[in-house]
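I would like the atomic coordinates for the input below:
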Amino acid sequence: MSLKAFHVIFLTVATLFCFGFGAWGVAFHASAGGTPVLLVALVSLLAGVALPIYGVWFLRKLKHVSYL
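Modelled structure (predicted):
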């Protein structure tokens, strides 16, 4: 597996986890309160937005490298 393929898989999984954790944190904050939980959830959601942007940049940088 190439570095390019690993990055695509890893970034996809990391993005899904970030959005999932962020959604859980927002839901937990709504039910139980707590500002630190909301801050961590917002940082996680921000990372969920930033990771695909980095992924597009990475794929453009390595567009000449194959996935194998």
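
Output the contacting helices and strands for the longest helix along the chain.
The residue-count maximum for a helix in the chain (DSSP state H) belongs to helix 3-32. Judged by 3 or more Cβ pairs under 8 Å, 6 or more residues apart in numbering; DSSP states H and E, helix 3-32 is in contact with helix 35-61. Any C-beta I mention is one placed from the backbone N, CA and C, and that applies to glycine too.

Show me what the helix it packs on is packed up against.
helix 3-32.

what pLDDT, on average, does the helix it packs on get?
Across helix 3-32, pLDDT averages out at 94.

How far off centre is that helix?
5 Å (Cα atoms, centre = their mean, to the nearest Å).

before we move on, the earlier item: tell me which residues of the longest helix of the chain are tucked away?
Lys4, Leu11, Ala14, Thr15, Cys18, Phe19, Phe21, Gly22, Gly25, His29 (16 or more other Cβ atoms under 10 Å).

how about the nearest residue to the third one, chain neighbours excluded?
If I follow you right, that is Ala14. Leu51 (5.6 Å; Cβ to Cβ, 6 or more residues apart in numbering).
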